[in-house]
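Enquirer: After the sequence you'll find the predicted model.
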Amino acid sequence: MTDARPLRLRFAPSPTGYLHVGGARTALFNWLLARRTGGQFLLRIEDTDKARSTDDSTRAIFEGLTWLGLDWDEEVVFQGANLERHRADAAKMLAAGAVYRCFCTTDELAARRAEAELRKEAFKYDRRCDRLPPAEVERRVAAGEPFVLRFRVPAGETTWHDLVHGQISFPNKDIEDFVILRSDATPIYNHAVVSDDIAMAVTLVMRGDDHISNTPKQILLYEALGAPLPQFAHLPMIHGTDGKKLSKRHGATAVGDYQHLGILPQAMVNFLALLGWSPGGEFEEVMTLDQLIHAFSEDGLLRKASVFDPKKLEWMNGQHLSQLPIAELEPRVTPALVAAGYTTAEHLATHHDWYRTLLDLLRVRSRLIDDIVRQAGPYFVDAITYDPEAVAKQWKEPAVVLPLLTATRETLAALPEWTPPVMEEALRHLAEAKGVGGGKIFQPLRVALTGLTVSPGIFDVMVLLGRERTLARIASAEDHLETLASA
RNA sequence: GGCCCCAUCGUCUAUCGGUUAGGACGGCACCCUUUCAAGGUGCAGAGACGGGUUCGAUUCCCGUUGGGGCUACCA
């Protein structure tokens, strides 16, 4: 932005559902640009559709943005609160002659539209009410006949330089005289948006490209209101894996869904940032919010719609999971561990170093926070359960495994020091003495200790468990194997 | 139907007229290795089609095709 004035951007969702990933991406780009340029990022809730707007949705939007780390400047604007100004602006345009009263009812309009469709013609309002003699208009208004306000689209062409698309223009003849104020004197979308954007002094309108065809109407409104035009930037859509517009059919589409799936907000933001935008040239894909702010520029905005790939999101999350400072990861995992019933926040607080070591070992093997929780069981529960598959694979021959486990336990019990190098040396000697490979010792031992075939390195597991629990678990496994052998 | 937008590997993308069209996810193989990950290496994989412009087009222009959006007294 070479413009000297600070950018004022806004995100203006309608509270008719959760915060969609597409909306989140739009919010993110606006926020990134505001933060990058030292401008403002404003939030406006477009709640003028009373039938569909809910407080729950409004709350979901706040929560979603907050979770992502996107903070907004100034007070949140609720569009519904600006009704008086919307009316005043409409009145201003009526007085200036840019707008006229239309007495056609919705039923009449619907009938004419249907008729046009029957003749395979494009329906466009025929402006008949604009041709009404002033005296008749006065008479009908006085008689209390309901009317809407329609914008008289002038002849010509409406053009703007879109920050992502370059020049876009619409012949005005293709734009019909659209309604700006309903018969109940409430504003229609395009009017409310323009009135509010002017009032909020928005200088750059960045939104989804599904709004491209609204733009010429809005530009006409700015001109009729005598307000300076903002810049426009239309972002490409985000589609589902099937190439269609992202919807509920594609599974999770709300940012809240991903939060509950165990996605980190920094990963979500990172992933979303790379959908429809690229720093250009060679670049490292895994970035922190801060790096994104510095790298972001409207120059890198892309035109093509992109497909939301959950697989790449998961990979991205895995990257952030292992790169995040452990102190930042902790508070995101703790609630999940507690919710799983494994432990309490207090216990984790009193075993802080141990907890951090555990997290460090598990996060390498995880893509989602849930993956960490899934692997954490053996380090918290008293009695582990043996996974049938693990037993079938590693304890297939109890007669062979049992004596090895016993020897392992005895070896470990005699260790002067409970550290990985000492354990490893002792156990490898044992394997050699028994004439078997290390795996014959380590694998059955892993099942004895965790009940599973997969875990962090076996020596790390033993350190985590501690000597006592390790030895007790091996003893339990020996018992189990004995009953297995005698059965 | 009308208007508008878009078009590089399956997906996200680099390329700003000249490249063996590069990287990432996913897939496959191998290495590392006590398992699983992580990591490393390698393989397969793309300019929708047709015309121009140009010495030379993925790149610029036009058309075709395909996809998307809008077409309400919704937002």
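Expert: Received it, and whenever you're ready, just let me know what you need.
Enquirer: CA only for contacts and neighbour counts going forward, please
Expert: Fine.
Enquirer: And the strands in the stretch 151-300 of chain A?
Expert: Along the stretch 151-300 of chain A, the stretches classed as strands by DSSP state E, counting those that start in this stretch are A:157-162, A:166-171, A:179-181, A:204-208, A:231-235, A:238-239.
Enquirer: so of the ones you listed, which one's packed in deepest?
Expert: Most buried of the strands of the stretch 151-300 of chain A, by mean neighbour count (mean count of other Cα atoms under 10 Å): strand A:179-181, with a mean of 23.
Enquirer: how does chain A divide into domains?
Expert: Chain A breaks down by automatic domain parsing into domains covering A:1-75+A:236-324, A:82-188, A:325-367, A:388-486.
Enquirer: where among those domains is the average confidence lowest?
Expert: Ranked on mean pLDDT, the bottom entry among the domains of chain A is domain A:388-486, at a mean of 88.
Enquirer: if we can go back for a sec, any chance of the domains of chain A in TSV with distance to residue A:217 as columns?
Expert: Listed next are the domains of chain A as TSV, based on distance: least, Cα to Cα, whole Å:
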stretch	distance to residue A:217
domain A:1-75+A:236-324	18
domain A:82-188	8
domain A:325-367	46
domain A:388-486	61
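Enquirer: leaving aside the residues next to it on the chain, what's closest to residue A:295?
Expert: residue A:279 (6.3 Å; Cα to Cα, 6 or more residues apart in numbering).
Enquirer: Specify the beta-bridge partners of the residue nearest to residue A:202 when sequence neighbours are not counted.
Expert: Spatially, and ignoring its direct neighbours in sequence, residue A:202 is nearest to residue A:8 (4.9 Å; Cα to Cα, 6+ apart). Judged by DSSP bridges, the bridge partners of residue A:8 are residue A:40.
Enquirer: Who are the packing partners of the longest helix anywhere in chain A?
Expert: Looking across chain A with DSSP state H, the single longest helix is helix A:467-486. Counting contacts by 3 or more Cα pairs under 8 Å, 6 or more residues apart in numbering; DSSP states H and E, helix A:467-486 packs against helix A:398-413, helix A:438-450.
Enquirer: what about the helix or strand following the shortest one and RNA strand B, touching?
Expert: If you walk from helix A:438-450 toward the C-terminus, the next helix or strand you reach (DSSP states H and E) is helix A:458-465. Yes: applying Cα under 7 Å from any atom of the strand, one finds helix A:458-465 touching RNA strand B at A:458, A:459.
Enquirer: can I get the CA coordinates of helix A:458-465 in CSV?
Expert: Output of helix A:458-465 as CSV, limited to C-alpha atoms (Å, rounded to 0.1, in the frame of the first residue of the first chain):
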residue,chain,number,x,y,z
ILE,A,458,11.5,-48.0,25.4
PHE,A,459,14.1,-46.4,27.6
ASP,A,460,12.3,-43.1,27.6
VAL,A,461,9.2,-45.0,28.6
MET,A,462,10.9,-46.6,31.5
VAL,A,463,12.3,-43.3,32.7
LEU,A,464,8.8,-41.8,32.5
LEU,A,465,7.3,-44.7,34.4
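Enquirer: Now do that helix against helix A:467-486: the angle between them, please.
Expert: 120 degrees (axes from the mean of the first three to the mean of the last three Cα atoms, to 10 degrees).
Enquirer: just how off-centre is helix A:458-465 within its chain?
Expert: Put simply, helix A:458-465 sits 37 Å off its chain's centre (Cα atoms, centre = their mean, to the nearest Å).
Enquirer: tally of neighbours for residue A:107?
Expert: Applying other Cα atoms under 10 Å, we find 9 other residues in the vicinity of residue A:107.
Enquirer: So it: helix, strand or coil?
Expert: Assigned with DSSP: H, G, I helix; E, B strand; the rest coil, residue A:107 falls in the helix class.
Enquirer: What are the contacting residues of stretch A:96-115?
Expert: In this structure, residues lying in contact with stretch A:96-115 by Cα atoms under 8 Å, 6 or more residues apart in numbering are A:90, A:93-94, A:123, A:129-130, A:137, A:145-152, A:224.
Enquirer: Output it as PDB, nothing but the C-alphas.
Expert: The C-alpha coordinates for stretch A:96-115 follow below in PDB (Å, rounded to 0.1, in the frame of the first residue of the first chain):
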ATOM      1  CA  ALA A  96     -31.300  14.200  -4.200                       C
ATOM      2  CA  GLY A  97     -33.300  12.300  -6.700                       C
ATOM      3  CA  ALA A  98     -31.000   9.300  -6.900                       C
ATOM      4  CA  VAL A  99     -33.700   7.000  -5.600                       C
ATOM      5  CA  TYR A 100     -37.500   6.700  -6.200                       C
ATOM      6  CA  ARG A 101     -40.500   5.200  -4.600                       C
ATOM      7  CA  CYS A 102     -41.800   1.900  -6.000                       C
ATOM      8  CA  PHE A 103     -45.300   0.700  -5.100                       C
ATOM      9  CA  CYS A 104     -45.000  -2.600  -6.800                       C
ATOM     10  CA  THR A 105     -45.800  -5.400  -4.400                       C
ATOM     11  CA  THR A 106     -43.700  -8.500  -4.000                       C
ATOM     12  CA  ASP A 107     -46.500 -10.600  -5.400                       C
ATOM     13  CA  GLU A 108     -46.700  -8.500  -8.600                       C
ATOM     14  CA  LEU A 109     -43.000  -8.600  -9.000                       C
ATOM     15  CA  ALA A 110     -42.900 -12.400  -8.500                       C
ATOM     16  CA  ALA A 111     -45.600 -12.800 -11.100                       C
ATOM     17  CA  ARG A 112     -43.800 -10.700 -13.600                       C
ATOM     18  CA  ARG A 113     -40.600 -12.500 -12.900                       C
ATOM     19  CA  ALA A 114     -42.200 -15.800 -13.500                       C
ATOM     20  CA  GLU A 115     -43.700 -14.500 -16.700                       C
END
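Enquirer: what distance separates that stretch from the centre of its chain?
Expert: 41 Å.
Enquirer: Go through it and flag the buried ones.
Expert: Residues of stretch A:96-115 classed as buried: A:98, A:99, A:100, A:101, A:102, A:103, A:112, A:113 (neighbour count, 16 or more other Cα atoms under 10 Å).
Enquirer: want to try JSON lines for the residues you listed, with distance to residue A:435 and secondary structure as columns?
Expert: Shown next, in JSON lines, are these (distance: Cα to Cα, whole Å; DSSP: H, G, I helix; E, B strand; the rest coil):
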{"residue": "A:98", "distance to residue A:435": "96", "secondary structure": "coil"}
{"residue": "A:99", "distance to residue A:435": "95", "secondary structure": "strand"}
{"residue": "A:100", "distance to residue A:435": "97", "secondary structure": "strand"}
{"residue": "A:101", "distance to residue A:435": "98", "secondary structure": "strand"}
{"residue": "A:102", "distance to residue A:435": "96", "secondary structure": "strand"}
{"residue": "A:103", "distance to residue A:435": "98", "secondary structure": "coil"}
{"residue": "A:112", "distance to residue A:435": "92", "secondary structure": "helix"}
{"residue": "A:113", "distance to residue A:435": "89", "secondary structure": "helix"}
